[in-house]
Structures are given as C-alpha cells and as structure tokens.
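Participant: I'll drop the sequence and a predicted model, then ask my questions.
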Amino acid sequence: MTERETALRDATAMDAKAAELEEAAAAARSDLQALEESSGAEMLAEDPAEVARTLAARQVELQAVVDMATKGAAQARERAEEARTAALLAEAEEMQPEVDRARDELAAHEKAVAAALSKLEALAGATFRQVTLQMLIDEAIAATGTAIGVSMKEAIGTRLWREARFVEQRQRALVLTARRVSARGECDLLSASDLPESIRPGVATVRAASWPA
C-alpha cells in the first residue's frame with residue numbers, strides 16, 4: 001500500500017469514527033433534553049430528595065457523554081483532514097517523475113537547438129556575409145522544428161515548455177490545495193477540468209480545490 005493509499009484509508013477510518021461519536025453525542029443530547037423536560041412525576045411517590053439526586057446524577061452523566069463524544073468527534077474530523085492533506089502531498093510526490101521527465105525533455109530540446117544554432121553560425125560565418133548569417137539564425141529560430149529544420153504549426157520548444165509547466169502546475173495545485181490555499185492564481189495554464197480528480201471541483205475524491213470561476 002502506498003503512502004497516499006494509507007493516508008486515504010486513515011481519513012476514511014477517522015471519518016467513520018467521527019460519525020459514530022457524533023451519533024453518540026446526538027443520542028445523549030436527546031436523552032438529556034428529554035430528562036430536563038421531565039418533571040419526574042412518576043417518581044414523586046417516592047422520596048423527592050432521592051428523585052432530585054437521581055435526576056441530577058443522570059444529567060451530569062449524559063452531559064459528560066455529550067462533551068466527550070463531541071470532543072472526540074472533532075478530534076477525529078481533524079485527524080481525517082490531516083490524513084487528506086497527507087494524501088494530497090503524497091500524490092504530488094508521486095507526480096515528481098512526470099515533472100522531471102517533462103523538464104528533461106525541454107532541457108534536451110533546448111540543448112539540441114543551441115547546438116544546431118552554433119553549427120549554423122560556424123557554417124554561415126565561413127561562407128556568407130553577416131546579414132545572411134542573421135537571416136539563417138532568424139529562420140532557424142522561427143522554424144518550428146529548430147534543431148532539425150522541420151516546419152510545424154507550433155514550435156517544439158514552446159510545446160515542450162507548456163507541457164513542462166502544465167505538469168508542474170498540476171503538481172502545484174495538489175500542494176496548494178493540501179495547504180488550503182487557492183491554486184487558481186498560480187496555475188494559469190490549467191482549467192478546472194485539468195486538475196487531478198482528487199481535487200477537481202465537482203468530482204473531488206479527497207478535497208476540492210478552491211477554484212474561483
């Protein structure tokens with residue numbers, strides 16, 4: 001079981017425990033209210049002082065149950081939220097290889113472009129005037145295939161840059177949501193539908209991201 005799966009399991013368990021304690025608190029609260037509304041008329045035939053002591057003791061007992069169950073439920077909910085935070089951070093960590101791969105592809109492309117331009121400069125410097133050299137360099141930069149001179153609709157470098165920023169921002173959105181910070185301003189390449197399902201508004205499985213329209 002991965003760290004993320006373990007955290008999600010813990011969150012589910014804590015939510016269940018909190019629900020159980022909240023139910024116990026509600027039952028005790030209901031009993032307490034019924035006791036407070038009762039005059040104990042059915043016991044008045046007995047010793048009134050004993051009746052009063054019995055009612056008071058029962059009230060104290062029920063109030064203690066309410067207080068303990070309410071506090072326990074709040075603590076369980078808090079631990080569930082901590083587990084969800086851990087799950088989101090673990091998911092962000094699991095995305096690191098994808099982020100690294102995109103960065104490596106961009107770096108490799110930039111290196112290839114630099115090498116191609118360097119060769120062009122050397123060749124042009126030996127055979128053409130400076131104005132021709134500049135034209136060749138400009139054409140190489142403008143060519144969407146740069147390193148191999150192939151024309152494409154979108155520059156390879158631009159596409160790789162966007163892909164790298166895209167996966168980085170998906171990872172960043174997970175981290176910011178784990179910290180309960182709105183990710184919208186720092187993830188300009190993403191739409192709500194691009195977010196991981198664990199935080200995507202409307203379908204979030206862990207915690208919905210704050211994503212103003």
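Facilitator: Received, thanks.

Participant: Just the helices from this structure, written as ranges.
Facilitator: All helices of the chain, identified by DSSP state H, fall at 3-37, 48-94, 96-127, 130-142, 156-178.

Participant: any chance of those helices in CSV, plus mean pLDDT, mean neighbour count and distance to Gly185?
Facilitator: In this view, the C-beta of every residue, glycine as well, is placed from N, C-alpha and C. As requested, those are arranged in CSV below (pLDDT from 0 to 100; neighbours: other Cβ atoms under 10 Å; distance: least, Cβ to Cβ, whole Å):
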stretch, mean pLDDT, mean neighbour count, distance to Gly185
helix 3-37, 92, 15, 26
helix 48-94, 90, 16, 18
helix 96-127, 81, 14, 20
helix 130-142, 58, 13, 32
helix 156-178, 92, 19, 9
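
Participant: Go through these and name the closest to Val206.
Facilitator: helix 48-94 (5.1 Å; Cβ to Cβ).

Participant: Determine the set of other helices and strands touching that closest one.
Facilitator: helix 3-37, helix 156-178 (3 or more Cβ pairs under 8 Å, 6 or more residues apart in numbering; DSSP states H and E).

Participant: can you redo the helices of the chain as JSON lines with distance to Pro196?
Facilitator: As requested, the helices of the chain are arranged in JSON lines below (distance: least, Cβ to Cβ, whole Å):
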{"stretch": "helix 3-37", "distance to Pro196": "11"}
{"stretch": "helix 48-94", "distance to Pro196": "7"}
{"stretch": "helix 96-127", "distance to Pro196": "11"}
{"stretch": "helix 130-142", "distance to Pro196": "35"}
{"stretch": "helix 156-178", "distance to Pro196": "6"}
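
Participant: Roughly how far does the residue most central in space within the chain sit from Glu91?
Facilitator: For the chain, the residue nearest the mean C-alpha position is Leu174 (3.3 Å; Cα atoms, centre = their mean). Going from Leu174 to Glu91 by Cβ to Cβ, to the nearest Å gives 6 Å.

Participant: Name the residues contacting each of those two.
Facilitator: Shared contacts of Leu174 and Glu91, defined by Cβ atoms under 8 Å, 6 or more residues apart in numbering, are found at Pro196, Ser198.

Participant: if I read this right, Val66 contacts Leu21, doesn't it?
Facilitator: No: counting by Cβ atoms under 8 Å, Val66 stays clear of Leu21, with 10.6 Å between them.

Participant: contacting residues for Thr70?
Facilitator: Thr70 sits in contact with Leu21, Glu22, Ala25, where contact means Cβ under 8 Å, 6+ apart.

Participant: Select, out of the helices of the chain, the one closest to Asp194.
Facilitator: helix 156-178 (6.8 Å).

Participant: coming back round to it: will you turn the helices and strands packed on helix 48-94 into JSON lines that also has distance to Gln59?
Facilitator: Listed next are the helices and strands packed on helix 48-94 as JSON lines, based on distance: least, Cβ to Cβ, whole Å:
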{"stretch": "helix 3-37", "distance to Gln59": "6"}
{"stretch": "helix 156-178", "distance to Gln59": "43"}
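
Participant: So Ser58 is in contact with Ala34, correct?
Facilitator: For residue 58 the amino acid is Arg, not Ser. No: under the criterion of Cβ under 8 Å, Arg58 makes no contact with Ala34, lying 10.6 Å away.

Participant: Great, nothing more from me.
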